[in-house]
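[1] no sequence on this one, just coordinates:
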């Protein structure tokens, strides 16, 4: 019947939106949680003081994904050692050793903040371990804009009104078709 067809289309739209969201976060976390096993020990230790390879990777990560606004490499003591930002000229390096997200990444886990507002819209911060030979060598953090995800999800039409709402895990509204 027509009603069943509509219901099936709505279910497909919701599944597509779920897949889109999963892929959005999956591609970012996969990029950030990189294993640097291919870098030589000499490169890793020689440039630890100058951070040159981390600076190159920070820039590459941000340039390769339009949602990533800023990337930092953080040493095991919690000090940023390299930073690249698309949105700010302030590349002041800070200590993050007391942040729970950093501590979780230091244990080898990916950590994602709750949604927060920035000058560029809604965003999250992701902390991920960067490993060498299976051991956490640095932590990578990224400020990630949710605008590309929200824009993509707004294309889906669900239900009689067509309204789509996006919430974070705390229940905070981060976007809707009628109110991004």
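    Perfect, thanks for sending it. What you see is a predicted model; the values in this text were computed from it and never measured. Numbering: from 1, shown residues only.
[2] Let's verify residue 66: helix, strand, or coil?
    Secondary structure, DSSP: H, G, I helix; E, B strand; the rest coil: residue 66 is coil.
[3] which residues touch it?
    Listed by C-beta atoms under 8 Å, 6 or more residues apart in numbering, the contact set of residue 66 reads residue 148. Bear in mind the C-beta positions are built from the backbone N, C-alpha and C, glycine included.
[4] Now it: phi and psi?
    phi -60, psi -20 (degrees, to the nearest 10).
[5] Next: residue 86.
    According to degrees, to the nearest 10, residue 86 has phi -90, psi -20.
[6] wouldn't it be in contact with residue 62 here?
    Yes. Using C-beta atoms under 8 Å, residue 86 is in contact with residue 62, at 5.7 Å.
[7] So those two - more neighbours on which side?
    residue 62 (22 against 15; other C-beta atoms under 10 Å).
[8] picking that back up, any residues in contact with both of residue 86 and residue 62?
    Joint contacts of residue 86 and residue 62 (C-beta under 8 Å, 6+ apart) are 68-70.
[9] My reading is that residue 109 lies in a helix. Confirm?
    No. Applying three-state DSSP, one finds residue 109 to be coil, outside a helix.
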